[in-house]
Every structure is written in C-alpha cells, then in structure tokens.
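# Sequence first, then the predicted structure, then my questions.
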Amino acid sequence: MGGMDSSLLLSRLDNDFALLRAAVASADPTAKVPSCPGWTVADLAEHVAMVYLHKAECIRLGAFPESLPTVDPDPVKALDQTYATLTAQFAAHSPTDHAATWHEPDQTVGFWIRRMAQETVIHRVDAELAAGLPVSPIPQDLAMDGVDEVLKLFLGYGSTVWEDDFGTLLDSPDPRPVSVSTSHHAWTLSATSFGVEVSDAVTGFGGDALVSGEAGPLLLWLWNRADDGGVRLSGDPALLEQFHSLRTAATQ
C-alpha cells in the first residue's frame, strides 16, 4: 500500500500530541501506565521527550547523536519543549532531505515524520489509559499506515537486521503464510530462516491462518496495547502462535 502524505502525517501528529499532552497534564505523574508495565506517567513523558530530542538531532546532524541533554523534570514542560524542537526540524526541512535513520533504504526526514506520528499515537493511547480517560479513536488512515509499518518495517525489515531480538524463532520456522486483513487492505506474511517476508495482498484469505479486524483495534493489538477483543483469529493454532511470538519480538 502507498504511504500517507507527509503533510497529513504532520497533521495527525499534531492532533495526537495535543491528546497526549492533555492526558499527561490530567494524570498524577506517579500513576502507573497499564499498557507499559513498570512505567509511570512521568516515565512515559520522559521517554517520549527523549525520543523527540533524538529524532530532532538525527535530522539536524544528519547522523545519530552521541549524547542528548536531559529534559525538564516536569512531564508537561518536557513534552512541550522537545516537541517544539522536533517540529522546528520538520519545518526547516523537506521530507526528502537527508536524516540518519535505522531503516537503511530510507534515510530521509520523511521517515521520521511517519515514525513520530506512529510513535505518538501509540503513546497517546498509553497516556489516556494511565489517566483513566476514554481512548480517543485512531483515524483510519493513520491506523492503516501504522499496521503497514509494524508488518513491513518492524517485523519484515526488523527480522533481517535485528536477529538477536527474534532469538530462535526463525531457526526452523513454519513457512506457511499468515494473512493479516482489515476491511480495506490485506498483507501476507511468511516466516523464513532469513526473516519474515511481507507483501501486500488482494484479499485476506490466502493463508493458513488469518488475523483480521478494523485498522484501529488491529494496530493496538499489534503493539500489545489491547486484547484480541477487536481482532479475529482463525486458522491453524500453531501458526497463529508463531505469528504472536514474532510480532511480540518485533514490537518489544
């Protein structure tokens, strides 16, 4: 599937940052984040702030930074300051400009625009859960793009370059295809000893196992932010278990 336009991703990023900020501001900084065991709201805010700083430096320097400054201990101030730093870099560059990224085929600012939009929507959900707020809907276009990113980049590409993260899962994998499907798009995945092969599919009925659902619930499930209440699993149980293990390794 084609990627979202960078200007639309930036708009989605702004919206989700505002929701993230509001949730953090309304929560006790010591409140636990149920979707991130061991983290408090303050930890979550610091993590997001440091991620924003790191990506801003990857763009500014055109290389990975050797160190980063500390962020403000106040969670809301840390988010405000670092988001301003990040978006200033986005505004100063074209999406096609060079930036250092972990995805070798795409060393552009546009890669980080997409990645930060997806990073922010997931952590916005974390913050809303921690604050006891209703989880705001994820726009369908952003959710579809997020599912595509998890499958192709974190699972497909990641399984070829972060082999240690996958342990022995790909030593002797079951190569039968798994279909992942929403009402608007489908993907086919096959595990091999060289990594997980991911391709776009016409329908979600070409595999020996099927994972399906609307894009928003499916995205949260892939990131281990929801149970399978909004996701349907069918087909061979052993193949579904292998897929579960692989996607957990890819998103840990």
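Noted; the coordinates are in hand. Numbers count the residues shown, from 1 in each chain.

# which outside residues touch stretch 63-71?
With contact meaning CB atoms under 8 Å, 6 or more residues apart in numbering, stretch 63-71 is reached by 46, 49-50, 53-54, 57-58, 78, 81-82, 100. Bear in mind the C-beta positions are built from the backbone N, C-alpha and C, glycine included.

# 6 Å instead?
Applying CB atoms under 6 Å, 6 or more residues apart in numbering, the external contacts of stretch 63-71 come out as 49, 53, 57, 78, 100.

# do the same with stretch 86-97
Residues outside stretch 86-97 that contact it (CB under 6 Å, 6+ apart) are 6, 52, 56, 59-60, 108-110.

# Among these, which lie within helices?
Counted as lying in helices by DSSP state H, out of these, are 6, 52, 56, 59-60, 109-110.

# Any regions of this structure where pLDDT drops low?
Applying pLDDT under 70 to the chain flags residues 2, 228.

# Domains of it: list them as residue ranges, please.
Following automatic domain parsing, one gets these domains for the chain: 6-131, 140-251.

# Adding mean neighbour count, write these out as TSV.
As requested, the domains of the chain are exported to TSV (neighbours: other CB atoms under 10 Å):
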stretch	mean neighbour count
domain 6-131	18
domain 140-251	18
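
# what's the most distant pair in the ones in helices among the contacts of stretch 86-97?
The largest distance within the ones in helices among the contacts of stretch 86-97, taken as CB to CB, falls between Ser6 and Arg60 and amounts to 17.9 Å.

# what's the span of stretch 97-113, first residue to last?
The first residue of stretch 97-113 is 12 Å away from its last residue (CA to CA, to the nearest Å).

# switch to numbering from 754
That works, and once the first residue is 754, the last one we named lands at stretch 850-866.
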